[in-house]
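Student: This is a predicted model, with the sequence first.
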Amino acid sequence: MCRIVIDCDPGIDDSLALMLALASPELNIAGITTVSGNVPVDMGTENAAKVLNWMERTDIPIYKGDAVPLKRKYIDAMDTHGRDGMGESFYPAVSYPKQDKDAVQFLEELLEKEKISIIALGPMTNLAKLFLKRPDLMGQVEELVSMGGSFKSHGNCSPVAEYNYWCDPHGAAACYDAFAKAGKKIHMIGLDVTRKIVLTPNILEYICRLDPKTGEFIRRITGFYMDFHWEYEGIIGCVINDPLAVAYFTDRDMCTGFDSFTAVETEGISIGQTVVDSMNFWKKEPNSHILTETDGKQFMKLFLSRILKKNDG
Ligand code: BDR
Ligand code: CA
């Protein structure tokens, strides 16, 4: 079983990713860390607790992380994720054990003890702080799978930038730099692949029929997101980015791609853009594995096979 930490900003699709991770027997989740992204970190931490509580996995600790990006002014994504970050489902807050460490302290102490993989589903502020503070711990990071960036796809919050890297471009850049220095590669699950993962009303209907309790939860958190996709992109359904990073972590056949050196732009009109040197102009050692292809059906089969519970009724 892989020991992992999930760093996230729940977030509608983060919530679905947590559900998938919690239902994946090959994952042993050491903790969840939170960061400001889709919503401010206090709200994201509450939302992570709601999902863990709903999944009856309150044994997993949640460590609150950073409230603001490394340098850039913080801009949330509540227009996409709703005023509560969970699609305006307004599930009540749950009481959850408070930790005496923050996200960075937790990660630091954990990596001092053991090798860990990290799935990053939000801006990489916590991770950048960790790698800047303790570059000596890089050897303890087994793998980092990051949902963020894009290679050939357009952006989703500027013509060229994806939200997680746009929100904290300096954080993302610091992580790619740290991996370059350590001779390691970040697995980049960018918009090229995640935009192929669409939860449609039909699939939702199927979930509701087979597992009404899970269906109701997903229906309540995704309705707002579906409306947003219809209004701004003309898509029926919603793109669920973050669960693909979890699926790829558990099954490497889920996406294919190539190794490359990647840098993240930290200023100007292309702030947050991933500059992927796929033609090797810079003759630098790859610091990333860029995923470019996936099969939406293959993902959905895995997702459904894991999150659907037998209907007792
Ligand atoms: C990413 O940004 C957030 O809105 C989603 O949760 C996902 O992590 C997609 O650009
Ligand atoms: Ca996210």
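Tutor: Perfect, I can see it now. Ligands and ions are numbered 1, 2, ... in the order given.
Student: Give me the number of neighbouring residues for Val275.
Tutor: 16 (other CB atoms under 10 Å). C-beta: built from backbone N, CA, C; applies to glycine.
Student: Looks like it contacts Phe261 (just checking).
Tutor: No: judged on CB atoms under 8 Å, Val275 makes no contact with Phe261 at a distance of 9.0 Å.
Student: quick one: the strands in this protein?
Tutor: In chain order, the chain shows strands spanning 2-8, 27-34, 62-64, 116-120, 141-147, 186-189, 198-199, 238-239, 255-264, 274-277, 288-294, with DSSP state E as the criterion.
Student: confidence score at Lys310?
Tutor: Per-residue pLDDT puts Lys310 at 61.
Student: Can you pull the phi and psi angles for the residue most central in space within the chain?
Tutor: Most central in the chain under CA atoms, centre = their mean is Leu121, positioned 1.5 Å from the mean C-alpha point. The phi/psi pair for Leu121 (degrees, to the nearest 10) reads phi -120, psi 10.
Student: Quickly note the distance from it to Met279.
Tutor: Using CB to CB, to the nearest Å, Leu121 is found at 29 Å from Met279.
Student: For the residue of the stretch 201-313 of the chain found nearest ligand 2, list the residues it contacts.
Tutor: Going by CB to the ion, ligand 2 is nearest to Asp242 of the stretch 201-313 of the chain, at 4.9 Å. Listed by CB atoms under 8 Å, 6 or more residues apart in numbering, the contact set of Asp242 reads 8, 11, 13-14, 16-17, 121, 147, 194.
Student: Quick one: residues in contact with stretch 152-169.
Tutor: Here stretch 152-169 makes contact (CB under 8 Å, 6+ apart) with 9, 37-38, 69-70, 72, 74-75, 77, 120-125, 128, 146-150, 172, 190-192, 195, 264-267, 269-274, 292.
Student: ok, now stretch 73-87?
Tutor: Stretch 73-87 is contacted from outside by 10-12, 15, 36-40, 43-44, 47, 50, 67-68, 88-91, 157, 163, 167, 220-225, 228, using CB under 8 Å, 6+ apart.
Student: Which residues of the stretch 201-313 of the chain lie near ligand 1?
Tutor: Within the stretch 201-313 of the chain, the positions adjacent to ligand 1 are 241-242 by CB under 6 Å from any ligand atom.
Student: and Lys50, how many neighbours does it have?
Tutor: Residue crowding around Lys50 was assessed by other CB under 10 Å; the count is 24.
Student: and if you look at the one 10 residues further on?
Tutor: The number of residues packed near Ile60 is 17, by other CB under 10 Å.
Student: And Asp42, by the same measure?
Tutor: Asp42 sits with 12 neighbouring residues when counted by other CB under 10 Å.
Student: Looking at the stretch 201-313 of the chain, which residue is nearest ligand 1?
Tutor: Closest approach of the stretch 201-313 of the chain to ligand 1 (CB to the nearest ligand atom) occurs at Asn241, with a separation of 4.2 Å.
Student: Go ahead and confirm that residue touches Leu199.
Tutor: No: Asn241 is not in contact with Leu199 according to CB under 8 Å; the separation is 10.9 Å.
Student: Looking at the two, which one has more neighbours?
Tutor: Per other CB under 10 Å, whichever of Asn241 and Leu199 has more neighbours is Asn241, with 27 against 23.
Student: Which residue is the nearest non-sequential neighbour of the more buried one?
Tutor: In space, and not counting its chain neighbours, Asn241 is closest to Thr194: 3.8 Å by CB to CB, 6 or more residues apart in numbering.
Student: surely that neighbour meets Val246?
Tutor: No: counting by CB under 8 Å, Thr194 sits too far from Val246 to count as a contact (11.6 Å).
Student: Those two: who's more crowded?
Tutor: Taking neighbours as other CB under 10 Å, Thr194 and Val246 compare with Val246 leading, 30 against 27.
Student: any weak-confidence spans in this structure?
Tutor: Scanning the chain for pLDDT under 70 picks out 310-313.
Student: Mind giving me the packing neighbours of the lengthiest helix in it?
Tutor: Assignment by DSSP state H gives helix 212-233 as the longest helix of the chain. Here helix 212-233 touches helix 12-22, helix 78-81, strand 198-199, helix 201-210, strand 238-239, going by 3 or more CB pairs under 8 Å, 6 or more residues apart in numbering; DSSP states H and E.
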